[in-house]
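A.B. asks: after the sequence you'll find the predicted model.
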There are 2 protein chains.
Amino acid sequence: MTETIADRRVDTSATKTAVTRWLADFERALTARNIDAAAALFVEDCYWRDLVAFTWNIITIEGPEGVRKMLVQSLDQVQPGGFAVAEELGEAGADTESWIKFETSVGRGIGHLRLRDGKAWTLLTTLNDLKGHEEPKHDRRPKGTEHGAVPNRETWLEQRRREAEELGHVTQPYAVIVGGGQGGIALGARLRQLGVPTIIVDRNPRPGDAWRKRYKSLTLHDPVWYDHLPYIDFPPNWPVFSPKDKIADWLEMYTRVMELNYWDSTECTRASYDEAAKEWSVVVVRRSVEMTLRPKQLVLATGMSGKPSVPDIEGMDVFTGDQHHSSEHPGPDAYRGKNAVVIGSNNSAHDICAALWEVGADVTMVQRSSTHVARSDSLMELALGSLYSESAVASGMTTQKADLTFASIPYRLLHVFQIPVYDAIRERDADFYARLEKAGFMLDFGDDNSGLFMKYLRRGSGYYIDVGASELVANGDIKLESGVDVVHLTENAVVLSNGKTLPADLVVYATGYGSMNGWAKDPEPWEGELRNMWKPTQQEALWFHGGNLHQSRHYSLYLALQLKARMEGIPTPVYGLQEVHHLS
Amino acid sequence: MTETIADRRVDTSATKTAVTRWLADFERALTARNIDAAAALFVEDCYWRDLVAFTWNIITIEGPEGVRKMLVQSLDQVQPGGFAVAEELGEAGADTESWIKFETSVGRGIGHLRLRDGKAWTLLTTLNDLKGHEEPKHDRRPKGTEHGAVPNRETWLEQRRREAEELGHVTQPYAVIVGGGQGGIALGARLRQLGVPTIIVDRNPRPGDAWRKRYKSLTLHDPVWYDHLPYIDFPPNWPVFSPKDKIADWLEMYTRVMELNYWDSTECTRASYDEAAKEWSVVVVRRSVEMTLRPKQLVLATGMSGKPSVPDIEGMDVFTGDQHHSSEHPGPDAYRGKNAVVIGSNNSAHDICAALWEVGADVTMVQRSSTHVARSDSLMELALGSLYSESAVASGMTTQKADLTFASIPYRLLHVFQIPVYDAIRERDADFYARLEKAGFMLDFGDDNSGLFMKYLRRGSGYYIDVGASELVANGDIKLESGVDVVHLTENAVVLSNGKTLPADLVVYATGYGSMNGWAKDPEPWEGELRNMWKPTQQEALWFHGGNLHQSRHYSLYLALQLKARMEGIPTPVYGLQEVHHLS
């Protein structure tokens, strides 16, 4: 025991010495504006991922030459300094890694460094707060009441009511967020803490309704440790996998206690930007009344998955049964004993097939192309366990450290970190995969065997996290037609390209969603980051926000800081603004 | 620096050795049923405070003879063992103190030990969970969905709705809690986690309404670190002092996300206990419909302060202005420019006077007897800071440790720990107190100079936490009539015992509340604990719960464990059941 502690001390101390020396060299070079010397501190195949600290952008810079070019443009403005090991974050995940901290001319940053042969292999720099605009939390939290005697003071309730009445009418919000799902809500919470007047508009009557309206058996496939919102963690008794209505209630509660200006039952019908006035006109219909908001910034947070994709199939007009996209599926109860055909083989398709089978429907899944499947337990243990799990929390992992560790791996390298995980899953669940394939299911593990998460990032689809449906597919309870397409529908059946006719009372199109903003698998030119998300676009003052709960939580910080800086008139020169991407 | 660390190591290790030796001796004596040897391990003036671990009671045992008597009765049943230093709780507050853990025949406990000359001076033992009935949290948290295929499964929402529809109608709750303030809500949350079917009934339309209905300027005088509910902490941006409507919103949200069966708009009209059936008949009127609930356990959580006390003053029937008890005071807005007389000089009286002055009323406070005043800042720093503050949290203090540290001080010794705090406050704020007295204000520091908290425990009143009104009293903005009583009211004035007549458009009776359960300052016989609260009473299956947020949070654990044990048929022999106390 004593020996282990001693050994560890030596290792830690050796890393710390190497990191401290690197940081000192780096700071000396930057302070001297010796950009060549700074770039020489990176290995040839290095990656420097910056989240708005150096570039006011979300960008991954590759190679010493990339480092050089970026520093030439930004160094005078950023004036970085104060580089040090961030002791308060504890030890990083491996021997050659370290948490770091630094300052810029306008803010404080935290980051992560991986050394190779004494040089930087990966560097993450993130802006954590803006000097003079720190969030009012912990020792800066509000007092709640002004002690002393204040003639005609307003109470908290009176202030809150006045704000709600005036914002959008007497006063204009600085930002409008269209879409009040987890993305809009998490960003709204951060903006409120930063004092950025914001209105969130959402077409549904209540926060959380986007979840409530989905098929009734839906539960989150991501575990609770991955799903925390900013500021208020889920309690220790919260289920690992949130049922949809429970997460909806949490979002509704959160919106209330975080005092968000959330306009429910409000549709945004159009928006235009006045380049001269630097202001948006956002037309909304709130509870049937049309009005125009005039924010400086507009955030679209209507869901990364965008609009439902419904295929155009011959005979859809003559089919007399029920047919709908998976997003409109009401749940299985009306289809007890009926014939159901579900077109698609991703998460929703599997969930819907299983729920239909559970009430006694006769269900066929039509698999048109191969699908990646990973068992939930295996994913939790092998893919997420080290960062997001009860045991990670028990070992001192925090949400902040987990998010930053994850962010520290550049997109270009992510598959390298992922492939061994899925190799292990494939080995562990070999029997399971064999049974699935024997039933005719077309399996894949992603193009480079990098598995589920890369599919999520590259396509947003193409996988199923198995929570039980695969067993029903393997044993034939859910009938499977694979490697086929739908040719046409008749009055009461689905006709497949293999010549089979499937009688159908119900057809569900579990055919996915169109992308909101044209991100997709690595189209040229290479970017190394998600396209358009959480960062400046070619359209000034237009922003895209969203993603799963993890992304909504973590990246809302950087988007919120970008908006706050602009509101305060802090210079935000953007390095490496991305090109326009339209896939549609 | 190195020396300090080395010194500390020696100290810690010396304490640990002494504590470990004591625990080993104690366990050896208990295991051998050598009660005399066990009692001999305590100093003569020792205190052993037990929260339902050894006694199924909340009791403080005094002296080795008290220890002996208790062990004679309970040792065979409790079968304590496994005593050890609780390393996971870290270091205790002082050199001679330590966190400890132990087990009993039915549960696991944690505690706190203060040694003096190698013997126990104070010992705290608390039951933390019941074996086989641990709460489903952290690594025991529910999965949220049953993976696999489950014919005709119910979703979370369907289960929750069915439960809400059936409980109290088709099935009977095991416990009914009357009163849905913070006390009822905190206890309800713990009982739900322990799987005890419970209904909370409250007369108001919404959880939190008891706060919403109070005078509009009310904010909590206890700081946020002291106020957390179980399971969900207030977020780091929560105000230090919660405005009443904000705490009300939090309670409403909490009730929802913790899935409590909360019957709003429901009055309990009567209850009777059937000794033979061991069951209560609780008659409630829920939204105008009368029905009878038949729980096994009944908890009264209608507020420790009980009913408003309104004095009976001659002429109240002829007074033509507004008059009401402070609990009914609507806030100052209607009294701008009017003459107001506030009778009383405690918290509510000061708050109401200040709010009336802030809108421009002419206000007189009638002080009938001396009052303890402590400035909020001084209290926060000197009285609460080491356990409940941002800096305490930053140094590793948790709510659990703070609560247990506080609980470890026996009631008999509490004033000894409190007196130096108030001596320091008196010195620090000497000018402030001098100015108050110069204005005629009658000050006290409690009978034994032990200050505010002892007054709260002994009387529940008699003090003001100054957040600004004292300055108005000192400078004469709030007029003061002290050492007087009200003789009678006329049509439009208040006549005092000093002969003065105060014109009045408004009279507020800030005259306090009757005690709910007859606790009061140390009536005979001495008990050393709050009377009736959170523990068995002479009336089987009747319980009293409540207090401020701190008490509601901490003691709800022990009451919940007592109820759960009874539901599960775990033997709960009560040692030292208290006598009946009726003060009214």
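C.D. replies: Great, that's in hand. Numbers count the residues shown, from 1 in each chain, chains lettered A, B, ... in the order given.
A.B. asks: need the strands for the stretch 451-584 of chain A, in chain order.
C.D. replies: Listed in chain order, the strands of the stretch 451-584 of chain A (DSSP state E, counting those that start in this stretch) span residues A:463-466, A:479-482, A:486-489, A:493-496, A:501-503, A:506-509, A:542-544.
A.B. asks: now the fifth one: mean pLDDT?
C.D. replies: This points to strand A:501-503. Here strand A:501-503 scores 98 as its mean pLDDT.
A.B. asks: for it, which positions count as buried?
C.D. replies: A:Leu502 (16 or more other C-beta atoms under 10 Å in any protein chain shown). For the C-beta atoms, the positions are set from N, CA and C on the backbone; glycine is no exception.
A.B. asks: among the strands of the stretch 451-584 of chain A, which comes closest to A:Leu577?
C.D. replies: strand A:542-544 (12.7 Å; C-beta to C-beta).
A.B. asks: count of residues packed around A:Gln418?
C.D. replies: For A:Gln418, the neighbour count with other C-beta atoms under 10 Å in any protein chain shown is 23.
A.B. asks: just to revisit the earlier point, the strands of the stretch 451-584 of chain A: which one's closest to chain B?
C.D. replies: Ranking the strands of the stretch 451-584 of chain A by proximity to chain B (C-beta to the nearest C-beta) places strand A:463-466 first, at 8.1 Å.
A.B. asks: including distance to chain B, could the strands of the stretch 451-584 of chain A go into CSV?
C.D. replies: What follows is the strands of the stretch 451-584 of chain A, written out as CSV (distance: least, C-beta to the nearest C-beta, whole Å):
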stretch, distance to chain B
strand A:463-466, 8
strand A:479-482, 14
strand A:486-489, 26
strand A:493-496, 23
strand A:501-503, 21
strand A:506-509, 18
strand A:542-544, 23
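A.B. asks: let me have those in JSON lines, adding distance to A:Glu328 as columns.
C.D. replies: Converted to JSON lines, those look like this (distance: least, C-beta to C-beta, whole Å):
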{"stretch": "strand A:463-466", "distance to A:Glu328": "20"}
{"stretch": "strand A:479-482", "distance to A:Glu328": "23"}
{"stretch": "strand A:486-489", "distance to A:Glu328": "17"}
{"stretch": "strand A:493-496", "distance to A:Glu328": "18"}
{"stretch": "strand A:501-503", "distance to A:Glu328": "21"}
{"stretch": "strand A:506-509", "distance to A:Glu328": "9"}
{"stretch": "strand A:542-544", "distance to A:Glu328": "25"}
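A.B. asks: for A:Glu275, which of the ones you listed is the nearest?
C.D. replies: Judging the strands of the stretch 451-584 of chain A by C-beta to C-beta, what sits closest to A:Glu275 is strand A:542-544, at 12.1 Å.
A.B. asks: show me how far that closest one is from its chain's centre.
C.D. replies: 15 Å (C-alpha atoms, centre = their mean, to the nearest Å).
A.B. asks: again, but for stretch A:195-214
C.D. replies: 17 Å.
A.B. asks: end-to-end on it?
C.D. replies: Stretch A:195-214 has its terminal residues 34 Å apart, counting by C-alpha to C-alpha, to the nearest Å.
A.B. asks: flag the shaky bits of the stretch 301-450 of chain A, pLDDT-wise.
C.D. replies: A:304-306 (pLDDT under 70).
A.B. asks: need the residues of it near chain B, please.
C.D. replies: Within reach of chain B by C-beta under 8 Å from any C-beta of the partner chain, the stretch 301-450 of chain A has these residues: A:354, A:357-360, A:376-377, A:390-391, A:393-394.
A.B. asks: where do the helices sit along the stretch 401-550 of chain A?
C.D. replies: Remark: helices assigned in the stretch 401-550 of chain A by DSSP state H, counting those that start in this stretch are A:411-428, A:430-438, A:451-458, A:469-474, A:549-567.
A.B. asks: right, and A:Val284 touches A:Trp263 too?
C.D. replies: Yes: using C-beta atoms under 8 Å as the test, A:Val284 is close enough to A:Trp263 to be in contact (7.3 Å).
A.B. asks: what do the two both touch?
C.D. replies: In terms of C-beta atoms under 8 Å, 6 or more residues apart in numbering or on different chains, A:Val284 and A:Trp263 are both contacted by the residues A:Val201.
A.B. asks: want to throw the helices of the stretch 401-550 of chain A into a markdown table with distance to A:Asp274?
C.D. replies: Shown next, in a markdown table, are those (distance: least, C-beta to C-beta, whole Å):
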| stretch | distance to A:Asp274 |
| --- | --- |
| helix A:411-428 | 35 |
| helix A:430-438 | 56 |
| helix A:451-458 | 35 |
| helix A:469-474 | 51 |
| helix A:549-567 | 16 |
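A.B. asks: closest to B:Gly148 out of those helices?
C.D. replies: helix A:469-474 (6.7 Å).
A.B. asks: got a list of contacts for the closest one?
C.D. replies: A:350-351, A:353-354, A:357, A:365, A:373, A:375, A:432, A:435-436, A:438-439, A:441, A:464, A:478, A:480, B:148-149.
A.B. asks: next, the contact list for the residue in the stretch 51-200 of chain A that chain B sits nearest to, please.
C.D. replies: Here the stretch 51-200 of chain A gets closest to chain B at one residue, A:Gly144, 2.7 Å apart by C-beta to the nearest C-beta. With contact taken as C-beta under 8 Å, 6+ apart, A:Gly144 is in contact with A:156, B:219-220, B:224, B:239-243, B:246.
A.B. asks: repeat that for A:Asp351.
C.D. replies: So A:Asp351 contacts A:215, A:217-218, A:467, A:469 (C-beta under 8 Å, 6+ apart).
A.B. asks: pull out the buried members of the residues of the stretch 301-450 of chain A next to chain B.
C.D. replies: When neighbours are counted using 16+ other C-beta under 10 Å, those contain these buried positions: A:354, A:357-359, A:376, A:390, A:393.
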